[in-house]
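Compute the structure for the input listed below.
(2 chains)
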Number of protein chains: 2
Amino acid sequence: MPIRRPEPIAVRRNRRPKPKPETDALGFGRFFTDHMFMMDYEDSRGWHDPRIVPYGPIELDPAAKVLHYGQMTFEGMKAYRSPSGGIRLFRPDMNLKRLSRSNVRLGIPPIDEELVSEAIRRLVLLDRDWLPAAPGTSLYIRPFILAVEPLLGVSPSREYRLIMIMTPVGSYYEKGGDPVSIRIETEYVRAVRGGLGGAKTAGNYAASLKAQEEAASRGFAQVLWLDGVHRKYIEEVGSMNVFFRIGEKVVTPALSGSILDGVTRDSVLRLLNHWGIGTEERRIAIDEVAAACRNGTMAEAFGTGTAAVVSPIGELDWDGERLLVGNPGEAGPLTRRLYDELTGIQTGRAPDPFGWTVALDGSEEPAKPGRD
Amino acid sequence: MPIRRPEPIAVRRNRRPKPKPETDALGFGRFFTDHMFMMDYEDSRGWHDPRIVPYGPIELDPAAKVLHYGQMTFEGMKAYRSPSGGIRLFRPDMNLKRLSRSNVRLGIPPIDEELVSEAIRRLVLLDRDWLPAAPGTSLYIRPFILAVEPLLGVSPSREYRLIMIMTPVGSYYEKGGDPVSIRIETEYVRAVRGGLGGAKTAGNYAASLKAQEEAASRGFAQVLWLDGVHRKYIEEVGSMNVFFRIGEKVVTPALSGSILDGVTRDSVLRLLNHWGIGTEERRIAIDEVAAACRNGTMAEAFGTGTAAVVSPIGELDWDGERLLVGNPGEAGPLTRRLYDELTGIQTGRAPDPFGWTVALDGSEEPAKPGRD
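Residues are numbered from 1 along each chain as shown, chains lettered A, B, ... in the order given. Model prediction:
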């Protein structure tokens, strides 16, 4: 089915807006705004009926394929309040391109990225009062596509629904910017080359829950995933990409097909290159990480992702051995610089030399979307 | 939360029963009966409110965790019409035990297997008129558990819903009992040790859709999965376990953690042992399979699963090489014998020396559930 000319987005306003939560109570993904976007797909009609409606329960046939076979994709991006009161998105084109790539892997029909981009704009502007203003806060935008055909055969669905919901968020991690302890996962595997690891889809997160729960019960904030083939090479940390500063080089796992192509990961690499700091995308063995921690050359380690932006790692636990990173108890200088620079660009407090931000209203000169 | 004493199952009857489909139109998982079972879980209350209600759409918050992170498990089993008009289930205790094992892997709280067993009995009896009587038909029962807490943090849900729906089914494969052509999948991977492959959960099926679609577009019925580590050892065929008769031995992949512990797989192994036919559960390299096809010792190959019971494989495609199994175009004698014996036991046409079937009504002496 070809992509159709965008239909206009219908809007049905919520006549019973909810009270906004206090900033301190925000957490991550706990409160949802007054509206959501929806759009439907059938093989015979393509995507149709784009609409903004009051946030509320959705109806699904209990045989809807997504509820049995997990055929779905999603994205996560943020809108930020700028100092002048305007609203900015950070590289939304990257998220929509990745959504399209995930769709290919999951057998989901292509979306009209321009229409979804317009839907984001309309939805954020309609619920703009939900965008918190305190430092570190933002409005998290979650588009997701569900296979909704009510048919239990294991085959791609012929019906889909795209939904977009939004949640005002505080800091993703309760401990804020303090370095966290990470457990190196040696039993469970998140994904493997040839599997779904490179796509943003539910199954990867389902695979992580047990390991995350066991790590949390032992006092660790996240797990560090090793590859499923050799059980040796670093993949991700929790649901973030991971970076290590070893000596004066910053290294991160190469995109091998089993890890997610993070927008923040890409932004960090580009900032580091811009600053003249050497980076390497390659295979990183856990032994190399352990050796660097033991001999004191592991200066910094951090995770990157839309939710946490840049999250410092203070120590790693490898089957009971404590591997310390840099100066215990404090985020390293590069970690802090990256966090400050990225959040500065995202919120409009700092210049945006890469054209990464997109202004959503008339009070600021719209920046050009990044072209990568 | 401890398992609570079973509450009585409330029943709200459907006052607008649907017309039953013609047997020829059944297919697999296309029509659903008039009622479904539901039960809810909250951390503070445990499982509660077991009820049978009219089949119909369910409401979910769009932030329900299952829609984003795939935290869910499911099962599939069948009820059969016996020659005397009675209804039999086949080894339902095995399915409920596996559901409990899947729940552990997915971080889902334990269920009361006895209560769910009673729910199956009540639901099947209430919708017994939906059970088709023609040979090869049955009533497929699909219990599934969804994480429904509306919270976007990646962590196990604190709220769940167990749902059970039923669908009258014809033959799973359109071609019926004819041997099918299978493509050996060399790019995509279904699951890997340490991942979810041993659990019955959505992510495994999501991972299979793209490969299945590509195989179907080339005229193949299913894919044969190789392991994700060595890309060499046989795992499953489509969503079935797989067996090969090589010479006079029947071999099937050992349960390594990445393949499903099939109820039909177990039943086939026990039948073969009962018949004095040698079986081996071990690693099977694709090279061994290819060599046996080439030198003519690959006498038979078949998939096993609840949906298809026993499904003969006629040929394998390995990167373009056609590997022929046994006599082209016809199911082998052991494949047919297993199919006849299993469906005979399931429907009550044949004696049940293992005590595998459970009669659901008063017209037959209830058999004892199998104890494995």
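
Looks to me like A:Val251 is in a helix.
No - using DSSP: H, G, I helix; E, B strand; the rest coil, the secondary structure at A:Val251 is strand, not a helix.

Next up, the contacts around it.
Contact analysis of A:Val251 by Cβ atoms under 8 Å, 6 or more residues apart in numbering or on different chains lists A:Phe243, A:Phe244, A:Thr279, A:Glu280, A:Glu281, A:Arg282, A:Ile284. To be clear about C-beta, it is placed using only N, CA and C from the backbone, and glycine gets the same treatment.

ok, of these, which come out buried?
Buried members of those, counted by 16 or more other Cβ atoms under 10 Å in any protein chain shown: A:Phe243, A:Phe244, A:Thr279, A:Ile284.

and which of the contacts of A:Val251 is nearest to B:Asn204?
Nearest to B:Asn204, judged by Cβ to Cβ, of the contacts of A:Val251 is A:Ile284 at 28.3 Å.

need the contact list for the closest residue to that closest one other than its chain neighbours.
Computed as Cβ to Cβ, 6 or more residues apart in numbering or on different chains, the closest residue to A:Ile284 that is not its neighbour in sequence is A:Ile234, at 4.5 Å. The contact partners of A:Ile234, by Cβ under 8 Å, 6+ apart, come to A:Leu224, A:Trp225, A:Leu226, A:Asp227, A:Val242, A:Pro253, A:Ile284, A:Ala285, A:Ile286, A:Val289.

Counting neighbours, what do you get for the third one?
What it means is A:Leu226. Applying other Cβ atoms under 10 Å in any protein chain shown, we find 22 other residues in the vicinity of A:Leu226.

pretty sure it is touching A:Val237, no?
No - proximity of A:Leu226 to A:Val237 does not meet the contact threshold set by Cβ atoms under 8 Å, at 11.0 Å.

Show me chain A divided up by domain.
Structurally, chain A divides into domains by automatic domain parsing as follows: A:10-169, A:180-331.

Could you check the pLDDT of the residue nearest to A:Ile284?
As predicted, A:Ile234 sits at a pLDDT of 98.

would you say it is within a strand?
Yes - the assignment for A:Ile234 is a strand, going by three-state DSSP.

what about A:Gly27, distance to A:Gly170?
Using Cβ to Cβ, to the nearest Å, A:Gly27 is found at 6 Å from A:Gly170.

With A:Ile145 instead?
27 Å.

These two: who's more crowded?
It is A:Ile145, of A:Ile145 and A:Gly170, that has more neighbours when counted by other Cβ under 10 Å, with 28 against 21.

residue contacts, that one?
A:Met72, A:Thr73, A:Phe74, A:Leu99, A:Asn103, A:Ile108, A:Ile111, A:Tyr160, A:Arg161, A:Leu162, A:Ile163 are the contacts of A:Ile145 under Cβ under 8 Å, 6+ apart.

do A:Phe144 as well
The contact partners of A:Phe144, by Cβ under 8 Å, 6+ apart, come to A:Met72, A:Thr73, A:Phe74, A:Glu75, A:Leu162, A:Ile163, A:Met164, B:Leu67, B:His68.

can we see that at 6 Å?
Residues in contact with A:Phe144 (Cβ atoms under 6 Å, 6 or more residues apart in numbering or on different chains) are A:Phe74, A:Ile163.

Starting from the strand or helix carrying it, tell me which strands it pairs with and how they run.
Here A:Phe144, judged by DSSP states H and E, is contained in strand A:138-147. If you go by DSSP bridges, strand A:138-147 pairs up with strand A:72-74 (antiparallel), strand A:77-81 (antiparallel), strand A:159-169 (antiparallel).

Export the ones you listed as CSV, with columns for mean neighbour count and mean pLDDT.
As requested, the strands paired with strand A:138-147 are arranged in CSV below (neighbours: other Cβ atoms under 10 Å in any protein chain shown; pLDDT from 0 to 100):
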stretch, mean neighbour count, mean pLDDT
strand A:72-74, 27, 98
strand A:77-81, 23, 96
strand A:159-169, 23, 98
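
Can you show me the CA trace of stretch A:119-133 as PDB?
Presented in PDB, the C-alpha positions along stretch A:119-133 are these (Å, rounded to 0.1, in the frame of the first residue of the first chain):
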ATOM      1  CA  ALA A 119       1.100  15.200  14.600                       C
ATOM      2  CA  ILE A 120       3.900  15.600  17.100                       C
ATOM      3  CA  ARG A 121       3.900  19.400  16.600                       C
ATOM      4  CA  ARG A 122       0.100  19.700  16.900                       C
ATOM      5  CA  LEU A 123      -0.100  17.400  20.000                       C
ATOM      6  CA  VAL A 124       2.700  19.200  21.800                       C
ATOM      7  CA  LEU A 125       1.300  22.600  21.100                       C
ATOM      8  CA  LEU A 126      -2.200  21.600  22.200                       C
ATOM      9  CA  ASP A 127      -0.900  20.200  25.500                       C
ATOM     10  CA  ARG A 128       1.900  22.800  25.900                       C
ATOM     11  CA  ASP A 129       0.800  23.700  29.400                       C
ATOM     12  CA  TRP A 130       1.900  20.200  30.400                       C
ATOM     13  CA  LEU A 131       5.500  20.900  29.600                       C
ATOM     14  CA  PRO A 132       7.200  21.500  33.000                       C
ATOM     15  CA  ALA A 133       9.700  24.300  33.300                       C
END
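
what about it, average pLDDT?
96.

just stretch A:100-114 next, same as before
What stretch A:100-114 shows for mean pLDDT is 97.

now do stretch A:194-210
Mean pLDDT, stretch A:194-210: 96.

Mind listing residues that contact that stretch?
Contact with stretch A:194-210 is made by A:70, A:72-74, A:102, A:105-106, A:190-191, A:257-259, B:69-71, B:107, B:154, B:156, B:188-189, B:195-196, B:203, B:206-207, as judged by Cβ under 6 Å, 6+ apart.

Give me the below-cutoff pLDDT ranges for chain A.
Applying pLDDT under 70 to chain A flags residues A:1-6, A:171-176, A:362-372.

Swap in 80 and give it another go.
For chain A, residues meeting the criterion pLDDT under 80 lie at A:1-6, A:171-177, A:328, A:361-372.
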